[in-house]
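J.: what shape does this take:
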Amino acid sequence: MNSTILNHGSCLCGAISFKVKGPLPKPDACHCHKCRKFSGHFFVSSDVPRAQVEITGQEKITWFQSSEKVRRGFCSICGSSLFFDPLFKDWTAVALGAFDQDTNTTIEKHIFTANKGDYYELTDGLPQHP
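T.: Here you go, the predicted structure:
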């Protein structure tokens, strides 16, 4: 892995910023009910090893425990949806829309498509997992 690549991002107000060392893993687009509620649409994120994520302003993150296994992090000031954090895994999912520059990656697949909203279609030809 090329650890010299540094991707950075932040919430809308800038109270929380983050850096990800190395290239971003291929993201997925989650269409489950909880991700749609969390983001206002479907949630596109990249599962990054925790050791590669550095967060500044952690005290401004509000964590919502959305299930026994997962918490979701958002900015307590501006409300930006930033992180999907499975408690028993060694990675955290970082929202692709929160990065400050091009991510140099593309969505790999759609997940929980059986729960997608009725107001949009998936027509990009990517794999879909119900």
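J.: so what's Thr92 up against?
T.: For Thr92, the contacting residues are Asp47, Val48, Arg50, Val53, Phe83, Phe84, Asp85, Pro86, by Cβ atoms under 8 Å, 6 or more residues apart in numbering. For glycine as for every other residue, the C-beta is placed from the backbone atoms N, C-alpha and C.
J.: for Phe83, see how far away the spatially most central residue of the chain is.
T.: A centroid search over the chain (Cα atoms, centre = their mean) returns Ala95, at 2.6 Å, as the residue closest to the centre. Separation of Ala95 from Phe83 (Cβ to Cβ, to the nearest Å) stands at 7 Å.
J.: can you give me the strands for this structure?
T.: Assigned by DSSP state E, the strands in the chain fall at 6-10, 17-21, 28-30, 43-49, 53-56, 61-65, 70-75, 81-86, 91-95, 109-111, 128-129.
J.: and the fourth one, what does it pack against?
T.: Based on contacts counted as 3 or more Cβ pairs under 8 Å, 6 or more residues apart in numbering; DSSP states H and E, the elements that strand 43-49 packs against are strand 28-30, strand 81-86, strand 91-95.
J.: any chance of these in JSON lines with mean pLDDT and distance to Cys75 as columns?
T.: Putting those into JSON lines (pLDDT from 0 to 100; distance: least, Cβ to Cβ, whole Å) gives the following:
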{"stretch": "strand 28-30", "mean pLDDT": "98", "distance to Cys75": "20"}
{"stretch": "strand 81-86", "mean pLDDT": "98", "distance to Cys75": "7"}
{"stretch": "strand 91-95", "mean pLDDT": "98", "distance to Cys75": "11"}
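J.: please consider this matter closed, and thank you.
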